[in-house]
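Student: generate coordinates for the sequence data below:
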Amino acid sequence: MKKLAIIVALMYVIPFWGYPQEKNRKFDLYLSNGLGYSKVSNTETPSFNLNSEHNALLFRYKFNKDDGICVGVTSTDFSGNGFNEKGSFYNEKRVVTIPVMYSFSQKYGKVKWFYCLGVEAMKTLDDKYFFLGKTINKPFEDKWGWGIRADLELLYNFYKDRLAIGVISSGGQNFLKLDAKPNSDFKGTQKMKYSGYVGIVLNFSF
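Tutor: Residues are numbered from 1 along each chain as shown. Reported below is the predicted structural model:
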């Protein structure tokens, strides 16, 4: 009877020898780059659109197979044209954001999708306005603000369950309002209403 029990046990164990088992990895690192746009509204001057390039790093801790929390940092360069009562200008901005988001993911074979939703802190690091013969640097308040953000990623595992590559779509709503500084050639309040991008993402699991 004892020998029979051993044989039955071996019948279950042997088929799995030599086959790598997928580990329940707790941490993910996501690196992404993408192009997008943003709409900038002003209370005293016409709104204008900006093109953008986003570089993001996102670190994820998984509570279980599907759910987790993400923190990271995104650096975004904006550029575009606008005008006010002083004339036409070319605007360049650099904004840093620090997101904290709930995440959910599911896997189907080698394909997996990944969704994040949460809040982010943000600050404008650089803000230049180039008029004809004149450049104005950071004419609006310099302070931190916050907004909401959502990311959606579709990934394909190309090396076991460790490395994946895919596409990302990200969008956010900014609630930060910046008042113009005195004697800055700008008036009123400026707000970056929306910012979004589509790009490529690389995922490392460990």
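
Student: ok, F158 touching I165?
Tutor: Yes: checked against Cβ atoms under 8 Å, the pair F158 and I165 is within contact range at 6.3 Å. Every residue, glycine included, has its C-beta placed from N, CA and C.

Student: how many neighbours does the nearest residue in space to N203 that is not next to it in sequence have?
Tutor: Beyond its immediate neighbours in the sequence, the residue positioned closest to N203 (Cβ to Cβ, 6 or more residues apart in numbering) is A164, lying 4.1 Å away. By other Cβ atoms under 10 Å, the residues close to A164 number 25.

Student: ok, what's across the strand from S52?
Tutor: Note on S52: beta-bridge partners by DSSP bridges are G36, F78.

Student: need the pLDDT of K39.
Tutor: Note for K39: predicted pLDDT of 92.

Student: quick one: residues contacting it.
Tutor: By Cβ atoms under 8 Å, 6 or more residues apart in numbering, the contact list for K39 reads 47-50, 192-194.

Student: which of those residues sit farthest apart?
Tutor: Farthest apart among the contacts of K39 by Cβ to Cβ are F48 and Y194. That separation is 12.9 Å.

Student: for the chain, name the helix or strand with the lowest mean pLDDT.
Tutor: The element with the least model confidence among the helices and strands of the chain, by mean pLDDT, DSSP states H and E, is helix 2-13, at a mean of 40.

Student: name the element D126 belongs to?
Tutor: Following DSSP states H and E, the helix or strand that holds D126 is strand 111-131.

Student: sheet-wise, list the partners of the helix or strand that comes right after that strand with their directions.
Tutor: The helix or strand immediately downstream of strand 111-131 is strand 134-137, counting by DSSP H and E. Paired with strand 134-137 in the same sheet, following DSSP bridges, are strand 111-131 (antiparallel).

Student: from L29, how far off is the most centrally placed residue in the chain?
Tutor: Compute the mean C-alpha point of the chain, and by Cα atoms, centre = their mean the closest residue is A56, 5.4 Å away. A56 sits 11 Å away from L29, taking Cβ to Cβ, to the nearest Å as the criterion.

Student: what do these two both touch?
Tutor: Contacts common to A56 and L29, judged by Cβ under 8 Å, 6+ apart, are absent.

Student: now do the strands in the protein.
Tutor: 27-42, 48-62, 67-84, 87-108, 111-131, 134-137, 145-159, 163-174, 177-179, 189-205 (DSSP state E).

Student: mind listing what's buried along the first one?
Tutor: Applying a neighbour-count criterion of 16 or more other Cβ atoms under 10 Å, the buried positions in strand 27-42 are 28, 30, 32, 34, 36, 38, 40-42.

Student: what does the fourth one give?
Tutor: In terms of neighbour count (16+ other Cβ under 10 Å), strand 87-108 has its buried residues at 89, 91, 93, 95-97, 99, 101, 103, 105, 107.

Student: how close does the closest residue to T124 other than its chain neighbours get to F78?
Tutor: Nearest residue to T124, sequence neighbours excluded (Cβ to Cβ, 6+ apart): V95, at 5.3 Å. Distance of V95 to F78, computed by Cβ to Cβ: 7 Å.

Student: surely L58 and G68 touch.
Tutor: No: using Cβ under 8 Å as the test, L58 is too far from G68 to be in contact (10.9 Å).
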